[in-house]
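Asks: Kindly return the folded structure for what I paste below:
(chains A, B and C)
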Amino acid sequence: MSNDVFVITEHLDGKFSDVSFEVAGKAKELAKALGGQAIAVVVGGGVDANVFASDSTIQVDDAALSQFNPEAYAKVIEALVKEKSPRVVLFGWTVTGMDVAAWLSAKLGVPCAAYAKDVRAEGGGVVVSCQAYGGKLTAEVAPEGETAIVACLAGSFPAEAGQGSTAATKIASPVDLSGLKMKFVEMLKPVAGDVDITAQTKLVSVGRGIGGKENIELAEELAAKLGAVVSASRPVVDAGWLPRTRQVGKSGLKVKPKLYLMLGISGAPEHLEGMKSAELIIAINTDKKAPIFNVAHYGATADLFEVAEAMLELL
Amino acid sequence: MNIVVAIKHIPSIADDLPVKGNNVDFDSVDFVLNEWDEHSIEQAVLIKEAVGGTVTVVGVDLIGELDNALHLALAKGADKVVKITADDPAADSHQQAKWLAEAIKGMGADMVFAGVQASNDIDGQIGPMIAAYLDMPYIGGTSAIEVSGSTATVSKEFPGGVGMKYAVTLPFVAGVQSAPKPPRYAPVSKVRQMAQTATVEKVAPSGEASSGLAFKKMAPPVVTGHAEMIEGSPKEVAAKIVELLKSRGLA
Amino acid sequence: MAQKYQKAVAVEKENIVVDGVDVSGHWNRMFEQRVIFEYTPELIEKIASIPNAESFANCYQCAKCVAVCPVDVVGNYGPRKLYRYAQTGMDLTEAPELWLCTTCANCLRVCPKEVNMVKIMPAAREQAILEGKFVPNELQQAFENTAKTGNPLGQPQRKRDAWIQSAGVPVPIIKDVGRPVDVLWYVGSYPSYHPRGIDAACAAARIFNALGIDFAILGKEEKDDADSQRLAGEKGLFEMMAEYNIATFNKYEWKEMVVTGPHELNAFKNVYPKYGFERPVVHYTTFLARHLDQLKPLLKHPVNKKITYHDPCYLGRHNGEYEAPRKLLEAIPGVELVEMQRNRENGYCCGGGGGGMWLDSFTAQHTTMRLSEKRAMEAASTGANVLAVACPFEVSRFTDAVKSTGNEHVDVLDILELLDRSMRGE
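Replies: Numbering: from 1, shown residues only, chains lettered A, B, ... in the order given. This is a model prediction of the structure:
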């Protein structure tokens, strides 16, 4: 057993996801407190792995790992964890992390704490704050035993702390990857169709207060500056100002972005149903009694056009 | 095609969840089917309709009220339903996955589906754990599964609309994010008919596993009941919002 | 709505040869005979063969219904047209038209052949649902919510009586009262959960208290009446809810039931009797109009508003109550009551009946505007500044509609709220 902290990083199309850096930063902090090393694990060779602020980085290079493959990744990570017995294995609670973290936990018989919002070193081990029951409760759990798997929600820690230039050590796969039952076939990039608002991390959402189709452009401009996409409440879609694919709410789509910036949406219960679990909700509405202010984290009673235009100048 | 769907009965989050000690007060909450399970059942029935076979739905009966969910599954096209009579509302994902894996072991499943996640997966999801216990590969976040012969083509969703396609040799376990079609509606008359005529097979829980997590505290997160209002002229409001976004790495 | 089905087209010829003689000319237009034999009665028979939908075949295309159909006003609909569409290739059980009827019953009022859409639509919808055909997602959600949580809004059962905290007066729960009461007040799902419905429920509680009515509610034991779900085609769900409700109603001793909503009135008065429940049920407007002498002295504060009243289909046409709501409004000092052009027997539908409450987005895709929007415009055109309603579906629908049609100056208020305002002077 060691006191090292593993970070299982993730990349797509030659780019690491934000959560990899977020978790890498956390790993450094934990490793220091536990008296071990922060070790970034990069599965797959086709990516520049010298980008983490880790104490060391291991890059596993094998043709079978060029694209994410749940079976292969799980086997490689299992072998590395067995070999190095780290104290903590950090994952992102993401489409890839979710495929491996709980599997590894059951496979090795070690605890796993998912939906983690925070991890801290305590008494030689870690204590994890998990966002349970759709955010209705926070559970504080202490994983028992010598290795703990922790899968962290994206956006829980700052990414800067994980960015660095530690040179990666390339190794061959520690396990035989022939005879896999899963084979990568192809990557399907979004086609010319409309964007998927449920997959966006930032949304600028417009309501009836936007006034007309001609004003959508302003929201589009603001969204472009923020790296966001424009979504809407039902009346806007019904009016034909935006396509139905952009509708948030009961009869539209449920979204859970990191940022939900609302322009002129009063917050009917039907709309709230679709967005209330967004991580940061900022609402701008002229009606100070608008129900949205009971749900939003930040609000302002102001003219949305004036605020949006002023924001455009500042961004 | 023999498809087994493992479901999870979980405390409803439609209402506030009361806490007792360091966990949910299970006596005063409603239990409902995990919402992703509706998709995994739909995915299984779609495959059955396409290539034939049987769909078996199996779940752990935590509080003696799983029958409703099982009757609903039958009304939607499942052929057989099984409940593991555990009567332990606090059973974690590891324990449930172990019981489920033991029950599924003898079923000769070509595929095992589970919901990709559940809101109470504090120790992880049952899908990948069942895979580990059954020694099958796992793939989660699926948006479509099609079967031809002994191979399945599985589409997995990534953020930003990117999808990956995999060819998977049976048997395997999948965590279903969404079925290619929205889950079908089962009319109540059909569900009631199932409740009167269908048999729910009972299995005693077998095998032990634990999350290995010690619960230290469970409490609602600290939330403000009202938005923090940003005051000032539109320009000042804009400046404060931009500042806020920058401080959170969102702009 | 675009014409989707095969249409009988008169074919105009450029020249015509009759018995070898070319009789073409420019002095007239030459038409070929319409090919009426291309129509098939099969799709009409398909609907008419469903139990309770038999009268679909009665239609003789007189088109009286089209003139009064509220959906036709905002689309291309009406029972006569449905018959015609069926003749030209529409299978009603698979067409979007199946979900547009609000069962408002205005067509039945004028139909000389008693083609009864209030029976046809639920029967055809039930068939479609049982056969696993397309069911709009929003409606499906309302069905599932009702089955799972006891109300179409999907709110937790244990919060059904949470609203009484904001009433400011005692609202006894019948289980706790432990003795027979005069009035069992069935509150209803929207008054129990919807923020604007709760306003009306609280007003009713205050009025009942002021009148000294011996009343109680079912509290957490109350569940949705499910009549609109039945009309939307979910008969099994309706029967399940009816069995529960009847058993619950019969657990307690009470003399009369007062309901907040016309749909509940219709359920308990006209449909539940078929399932063995036959006890007196009245709508709150009827009940309060009966207490008008005691109520009048309580209405101390003038409400200086020009008010127009919208007749709920299920209070008016379906259950014949047109006068009680008007009497109540006229009893409020300061009120000037004006009528919309379509009123009483010919009242225009808000679009919420027959499941329309849970088909808003779907309906919007198949009509030029919402029925509630059309009605909100009619209300505004009277010059009224209050649109008074007596159905819990309507408050949220019309509040939305006055906004979307630029008539924010028209307040949408339940009669209960207006009475309460006059009582308390707000």
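
Asks: Leaving out the residues flanking it, which one is nearest to residue 96?
Replies: No chain in the question, so chain A it is. Nearest residue to A:Thr96, sequence neighbours excluded (C-beta to C-beta, 6 or more residues apart in numbering or on different chains): A:Glu10, at 4.7 Å. Quick note: C-beta positions are derived from backbone N, CA and C, even for glycine.

Asks: let's do chain C instead
Replies: Leaving out its chain neighbours, the residue that sits closest to C:Pro96 by C-beta to C-beta, 6+ apart is C:His366, at 5.2 Å.

Asks: Could I get the pLDDT score of the one you found?
Replies: Among the per-residue scores, C:His366 holds a pLDDT of 91.

Asks: Give the full set of residues in contact with it.
Replies: If a contact means C-beta atoms under 8 Å, 6 or more residues apart in numbering or on different chains, then C:His366 has C:1, C:75, C:96-97, C:100 as its contacts.

Asks: tell me the contacts of C:Ala210?
Replies: Going by C-beta under 8 Å, 6+ apart, the list of residues near C:Ala210 reads C:298, C:423.

Asks: hang on, C:Tyr60 packs against C:Lys113?
Replies: Yes. C:Tyr60 is in contact with C:Lys113 according to C-beta atoms under 8 Å; the separation is 6.0 Å.

Asks: For the residue of the stretch 51-200 of chain C found nearest chain B, give its distance to B:Ser12.
Replies: Nearest to chain B in the stretch 51-200 of chain C, going by C-beta to the nearest C-beta, is C:Pro156, at a distance of 3.9 Å. C:Pro156 sits 7 Å away from B:Ser12, taking C-beta to C-beta, to the nearest Å as the criterion.

Asks: Same question for C:Gln127.
Replies: 32 Å.

Asks: The two: which is more packed in?
Replies: Per other C-beta atoms under 10 Å in any protein chain shown, whichever of C:Gln127 and B:Ser12 has more neighbours is C:Gln127, with 20 against 17.

Asks: I'd like to know which elements the helix or strand where that one lies is packed against.
Replies: C:Gln127 belongs to helix C:117-130 when elements are defined using DSSP states H and E. If contacts are counted by 3 or more C-beta pairs under 8 Å, 6 or more residues apart in numbering or on different chains; DSSP states H and E, helix C:117-130 sits against helix C:106-110, helix C:227-231.

Asks: of all the ones you listed, which lies closest to C:Glu323?
Replies: For C:Glu323, the closest of the helices and strands packed on helix C:117-130 is helix C:106-110, at 17.7 Å, according to C-beta to C-beta.

Asks: Now do the buried residues in that closest one.
Replies: Neighbour counts using 16 or more other C-beta atoms under 10 Å in any protein chain shown place C:106-108 of helix C:106-110 among the buried residues.

Asks: cool, stretch B:51-69 as well?
Replies: Neighbour-count burial for stretch B:51-69 flags B:53, B:55-63, B:66, B:68-69 (criterion: 16+ other C-beta under 10 Å).

Asks: Adding pLDDT, write those residues out as a markdown table.
Replies: Listed next are those as a markdown table, based on pLDDT from 0 to 100:
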| residue | pLDDT |
| --- | --- |
| B:Gly53 | 97 |
| B:Val55 | 98 |
| B:Thr56 | 98 |
| B:Val57 | 98 |
| B:Val58 | 98 |
| B:Gly59 | 98 |
| B:Val60 | 98 |
| B:Asp61 | 98 |
| B:Leu62 | 97 |
| B:Ile63 | 96 |
| B:Leu66 | 97 |
| B:Asn68 | 93 |
| B:Ala69 | 95 |
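
Asks: Inside strands: which ones of those?
Replies: Counting by DSSP state E, the members of the buried residues of stretch B:51-69 that fall within strands are B:55-61.

Asks: Within reach of chain A, which of those residues are there?
Replies: Restricting those to those within reach of chain A (C-beta under 8 Å from any C-beta of the partner chain) leaves nothing.

Asks: Out of the residues you listed, which comes closest to chain A?
Replies: Sorting these by distance to chain A puts B:Val60 at the head of the list, at 15.6 Å, by C-beta to the nearest C-beta.

Asks: Can you check what pLDDT the model gives the residue nearest to C:Val23 when sequence neighbours are not counted?
Replies: The shortest distance from C:Val23 to any residue other than its chain neighbours is 5.5 Å, reached at C:Ile16 (C-beta to C-beta, 6+ apart). Looking at C:Ile16, its pLDDT stands at 77.

Asks: Next: the one 5 residues further on.
Replies: Taken from the predicted model, the pLDDT recorded for C:Val21 is 83.

Asks: Just give the number of residues close to it.
Replies: Around C:Val21 there are 7 residues (other C-beta under 10 Å).

Asks: Against A:Leu65, how distant is it?
Replies: 86 Å.

Asks: closest point of chain A to chain B, which residue?
Replies: The minimum distance from chain A to chain B, using C-beta to the nearest C-beta, falls at A:Ala102 (2.8 Å).

Asks: Return the longest strand seen in chain A as CSV; C-alpha atoms alone will do.
Replies: Counting residues, the longest strand in chain A under DSSP E turns out to be strand A:112-122. Provided in CSV are the C-alpha atoms of strand A:112-122 (Å, rounded to 0.1, in the frame of the first residue of the first chain):
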residue,chain,number,x,y,z
CYS,A,112,-16.4,3.8,-4.2
ALA,A,113,-17.8,7.2,-3.4
ALA,A,114,-19.7,8.7,-6.4
TYR,A,115,-21.3,12.1,-7.1
ALA,A,116,-18.4,13.6,-5.1
LYS,A,117,-18.5,17.3,-4.6
ASP,A,118,-15.5,17.5,-2.3
VAL,A,119,-12.8,15.2,-0.9
ARG,A,120,-10.6,15.9,2.0
ALA,A,121,-7.9,14.0,3.8
GLU,A,122,-8.8,13.1,7.3
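
Asks: Mind checking the pLDDT average for that strand?
Replies: Regarding strand A:112-122, the rounded mean pLDDT is 95.

Asks: can you check stretch C:183-201 too?
Replies: When the per-residue pLDDT values of stretch C:183-201 are averaged, the result is 96.

Asks: Tell me if it is near chain B.
Replies: No. Counting by C-beta under 8 Å from any C-beta, no contacts exist between stretch C:183-201 and chain B, the nearest distance being 11.5 Å.

Asks: distance between the ends of that stretch?
Replies: With C-alpha to C-alpha, to the nearest Å applied, stretch C:183-201 spans 15 Å between its terminal residues.

Asks: The helix holding C:Gln127: what's the following helix or strand?
Replies: Per DSSP H and E, helix C:117-130 leads on to helix C:137-149 as the next helix or strand towards the C-terminus.

Asks: Shouldn't C:Phe249 be within a helix?
Replies: Yes. When the secondary structure is assigned by DSSP: H, G, I helix; E, B strand; the rest coil, C:Phe249 falls within a helix.

Asks: pLDDT at it, what is it?
Replies: On pLDDT, C:Phe249 comes in at 98.

Asks: low-confidence ranges in chain B?
Replies: Where chain B drops to pLDDT under 70, the residues are B:159-161, B:222-225.

Asks: Which secondary structure state is assigned to C:Glu256?
Replies: Here C:Glu256 is strand, with the state taken from three-state DSSP.
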